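Asker: Quick one, what's the 3D model for this:
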Amino acid sequence: MSTKGERGPRVLAAYALAGIVWACFAWRFEFICDDAFISFRYSRNLALGNGLVYDTLREVPVEGYSNFLWVVWLSLFERFGVEITAAAKWSSMAASLILLVLTMSLAARRLSLGAGGLAATGLFLATLPAFGLWSTGGLATMPSALAIFGVLYAFHSDEDGPKLPLAIICAGTATLLRADGVGYLGLILIASYASASSTPELRQKMRGAALITVASVISIGLAHAIWRHGFYGEWVPNTAKVKAGLTTARVERGLLYVGSFIVALPAVLIAVGIGARRWREGPVALLLTLFTLIAGSFAYSIYVGGDFMPFGRFLVPALPAAALLFAWGWSRLAPKPAWALTCLCLLSSVSEAYDRGPAPASIRESLHFRSDREFQTEVTRWAEMKRNAAAWELWGRALALHTKPGESMILGGIGAIAYRAPELMIYDTYGLVTPEVSAHTAPLEGASPGHDVRVQDDFFLRPEILAELPSKPTYLGALVGLDMTAQLTERPEWLLTPFPGDAYIQRIAAKFSADYGVRLESEVISLSANEGFPENSVLHLLRLHYD
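Answerer: Next up, the predicted model:
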């Protein structure tokens, strides 16, 4: 039975149940990742009237973000003094909830679902750990997925033809929200055009709307590119130079990324499988568009080599499509098999959300794609990112108190630290906001996704690089520590800089002095509990002296 136009208690209960479960999973994975603070720093500078810049001391600004509209949106909250982490979190959650509702609405309108099938579809999507985790995170992931889905909804929610104004608005929003939004839109528009109904009138409407939407996307994208070139002097974001490009190593890593995603979320593969069941009996144009969106998302992730963040961030736009394929397959099954399959999908997703997924550890480890670190489950990766961002916010607050405007620091994690220390200029070892890195460095083999370009700290001390920098780096790095007694002999990966005075510092101090004539001075500053730091906290600074 179709629920189109139906607003009975059972249908409303299905929406409510899915919404409650979604809220539980969003709360389970609530976090703000460090990368989000890169965009936050741009938003702050825009709100302060400095323009879309990361460092105000650079004469030529650098586009180290890939989410233009998200940065602009969050700058409005910065402008009026709203805590940006809360603004980003609630904006993303609102987009996620709307996406859940629209997915269920489209399933009800086009896939002949009763209230039971609608509830199963909503629970399928709400329990996917990737959907719950990226409901927060601080990035434009979920707003972008909503805008992309809005185009699909505009073309396929009504049997009488596409909603052209909605398609244009959502397509323009998706184009400006994320740099890769155009690719996902292309998948939807090409599939919608190619699979248009055999009815001449409807086919003409569908193809005409697709062409007009494509023209609007091209116009908006071109206008943005012209503005980018005028402001940044580049046709593409600096992030594309650092992260994009087709190599054999990236394709291999991308295949592992997709394989790891499927192993972690087998419900998605099940949805694709049952969605193919008797698909010619359903809305063919919609179903083919869903298959195309999922296949294209996998292909894109393989091309770019995946992403180091947890639970397949680049595949989030495909999750509503998987839920709709699940809905179609569910409607083709008898009640008992349909509910048994629903329970199987929910059980696998819920167990994965608590790091108890059904896949054996040996299979997971064989698909390890974060090559620069030891294997982690997706939940472990999320937990570490959450801890890191909280620690780095603490470091940034300490640096804001004990560094001076105009001073600079060499860092790898440039998000929370730099946002909380806005007057500190940053030299980024990954090159996202420091173009000198990508200009002088080739991609690494065996890197973690998104970290293909990286330099060592002494890169910025080379004479030819110093000549290109706006100023000489003031600090090699920093660390907020709780234990003054630690004596390290190796550099742990989780430290930006080890404790001053250890064997590592002595080695690099000797190297810097011999190779570059630069002297390292260790500064240890006590942090006060009255300033919001834990008892016995200290800030370690490594100051660079150019004799």
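Asker: Point out where the chain drops to low pLDDT.
Answerer: Within the chain, the ranges that satisfy pLDDT under 70 run 1-7, 198, 243-246, 445-446, 481-504.
Asker: Domain-wise, how is the protein divided?
Answerer: 9-30+83-238+247-366, 380-546 (automatic domain parsing).
Asker: mind putting these in TSV, distance to Ile38 and mean neighbour count included?
Answerer: C-beta: built from backbone N, CA, C; applies to glycine. Formatted as TSV, the domains of the chain follow (distance: least, Cβ to Cβ, whole Å; neighbours: other Cβ atoms under 10 Å):
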stretch	distance to Ile38	mean neighbour count
domain 9-30+83-238+247-366	10	20
domain 380-546	5	17
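Asker: And these: which comes nearest Phe37?
Answerer: domain 380-546 (3.4 Å; Cβ to Cβ).
Asker: my guess is Ile220 contacts Leu176, does it?
Answerer: Yes: if you go by Cβ atoms under 8 Å, Ile220 and Leu176 touch, sitting 6.7 Å apart.
Asker: ok so, going back, can you tell which of the domains of the chain is closest to Leu57?
Answerer: Closest among the domains of the chain, once you apply Cβ to Cβ, is domain 380-546, at 5.2 Å.
Asker: Return the distance of the closest one from the chain's centre.
Answerer: Between the centre of domain 380-546 and the centre of its chain there are 24 Å (Cα atoms, centre = their mean, to the nearest Å).
Asker: could you measure Glu374 against Leu17, distance?
Answerer: Counting by Cβ to Cβ, to the nearest Å, the gap from Glu374 to Leu17 is 39 Å.
Asker: Same check on Gly122?
Answerer: 7 Å.
Asker: can you check Trp134 too?
Answerer: When Trp134 is compared with Leu17 (using Cβ to Cβ), they lie 21 Å apart.
Asker: Let me see the contact set for Ser105.
Answerer: Counting by Cβ atoms under 8 Å, 6 or more residues apart in numbering, Ser105 makes contact with 153, 157.
Asker: Apply 6 Å and report the result again.
Answerer: Under the criterion of Cβ atoms under 6 Å, 6 or more residues apart in numbering, Ser105 has no neighbours.
Asker: Is His368 in a helix, a strand, or coil?
Answerer: What DSSP: H, G, I helix; E, B strand; the rest coil gives for His368 is coil.
Asker: Likewise for His545?
Answerer: What three-state DSSP gives for His545 is strand.
Asker: Next up, identify which helix or strand the closest residue to it other than its chain neighbours is on.
Answerer: Closest residue in space to His545, ignoring its immediate chain neighbours: Arg519 at 4.2 Å, by Cβ to Cβ, 6 or more residues apart in numbering. For Arg519, the host element (DSSP states H and E) is strand 518-526.
Asker: How about Ala323?
Answerer: helix 319-331.
Asker: can I get the CA coordinates of that helix in CSV?
Answerer: What follows is helix 319-331, C-alpha atoms only, in CSV (Å, rounded to 0.1, in the frame of the first residue of the first chain):
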residue,chain,number,x,y,z
LEU,A,319,23.6,6.4,1.8
PRO,A,320,20.1,7.7,1.1
ALA,A,321,20.3,6.0,-2.3
ALA,A,322,21.1,2.8,-0.5
ALA,A,323,18.2,3.3,1.8
LEU,A,324,15.8,3.8,-1.1
LEU,A,325,17.1,0.6,-2.8
PHE,A,326,16.5,-1.2,0.4
ALA,A,327,13.0,0.2,0.5
TRP,A,328,12.3,-1.0,-3.0
GLY,A,329,13.7,-4.5,-2.3
TRP,A,330,11.7,-4.6,1.0
SER,A,331,8.4,-3.9,-0.9
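Asker: isn't there a strand covering Ile169?
Answerer: No: using three-state DSSP, the assignment for Ile169 is helix, not a strand.
Asker: And it, how close does it get to Ala154?
Answerer: Distance, Ile169 to Ala154, by Cβ to Cβ: 9 Å.
Asker: And for Arg370?
Answerer: Distance, Arg370 to Ala154, by Cβ to Cβ: 37 Å.
Asker: next one: Arg41
Answerer: Counting by Cβ to Cβ, the gap from Arg41 to Ala154 is 34 Å.
Asker: swap in Ala421?
Answerer: Distance from Ala421 to Ala154, by Cβ to Cβ: 43 Å.
Asker: distance between stretch 109-120 and the chain's centre?
Answerer: For stretch 109-120 - counting by Cα atoms, centre = their mean - the centre lies 31 Å from the chain centre.
Asker: try stretch 313-327
Answerer: With Cα atoms, centre = their mean as the basis, stretch 313-327 stands 16 Å off its chain's centre.
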